[in-house]
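1. Attaching a predicted model along with its sequence, questions to come.
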Amino acid sequence: MAKLQVELVTAEGRILSEEADFVLAPGVEGDLGVLPNHIPLLTPLRTGEVMVRNGEAEHILFVAGGFLEVLPDKVTILADAAERAEDIDEARAEESRKRAQELLAQDIGNYEASLALERAELRLRVADVRRRRHGGHPPAQ
Ligand code: ATP
């Protein structure tokens, strides 16, 4: 069966390089499911969850916006920031969420703070999605 080569990179380096038979990514116009031999396309991404599946193996990642390029045998994601779900530091995301909420409550830097809040909430959600799909312990209280 035809496969996709998936590359997910940020300015800091390569986050994932895998063969896959399905990729799900948060396009700006809606979630995009990509199978091998998809028509070529280029689209900006929302901040959110990326899922890369190869048979039984599944990778879940967080992306903070960027671009998705699809070719018949290749998917490239260039993200502003990205982490594999298992690499997300939930305590850091929780701190970041609190900081952003405090700024918003004081009406300071609303635009930046709302983007930071969105990143933090989606990092926490992606970490949670992974925990529910792959098991594991909830974070310590
Ligand atoms: P923070 O306020 O914690 O810095 P941020 O949303 O401002 O979060 P980004 O600008 O999205 O951070 O990312 C900066 C760098 O830090 C990137 O390399 C990103 O992968 C990493 N990073 C940010 N938050 C986390 C996290 N909770 N867990 C793991 N890596 C993170």
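-> Here it is on my side, so go on. Numbers count the residues shown, from 1 in each chain.

2. From here on, just use CA atoms for contacts and neighbour counts.
-> Will do.

3. what's the helix or strand of the chain with the lowest mean pLDDT in contact with?
-> When the helices and strands of the chain are scored by mean pLDDT, DSSP states H and E, helix 110-134 comes last with a mean of 95. Applying Cα atoms under 8 Å, 6 or more residues apart in numbering, the external contacts of helix 110-134 come out as 47-49, 60-62, 64, 85-86, 88, 90, 93-94, 96-97, 100-101, 103-104, 137-138.

4. chain center to it, what's the gap?
-> Centre-to-centre, helix 110-134 and its host chain are 9 Å apart (Cα atoms, centre = their mean, to the nearest Å).

5. per-residue confidence for the residue of the chain most remote from its centre?
-> Largest separation from the mean C-alpha position in the chain: Gln106, at 29.2 Å (Cα atoms, centre = their mean). You'll see Gln106 listed with a pLDDT of 95.

6. Then Pro138?
-> Per-residue confidence (pLDDT) for Pro138: 55.

7. Begin at 17 from now on, thanks
-> All set: I'll call the first residue 17, so the last point we hit is now Pro154.

8. SS state for the residue nearest the centre of the chain?
-> With distances taken as Cα atoms, centre = their mean, the residue of the chain nearest its centroid is Phe78 (2.4 Å). Taking DSSP: H, G, I helix; E, B strand; the rest coil as the rule, one finds Phe78 in the strand state.

9. And the pLDDT at the residue lying closest to it once chain neighbours are set aside?
-> Spatially, and ignoring its direct neighbours in sequence, Phe78 is nearest to Glu65 (4.9 Å; Cα to Cα, 6 or more residues apart in numbering). Note for Glu65: predicted pLDDT of 98.

10. Just give me the neighbour total for Glu65.
-> Glu65 is flanked by 23 other residues according to other Cα atoms under 10 Å.

11. hang on, it in a strand?
-> Yes. Glu65: assigned to a strand according to three-state DSSP.

12. ok, back up a step: confirm for me that the residue nearest to the centre of the chain is in contact with Arg62.
-> No. Phe78 is beyond contact range of Arg62, at 10.5 Å (criterion: Cα atoms under 8 Å).
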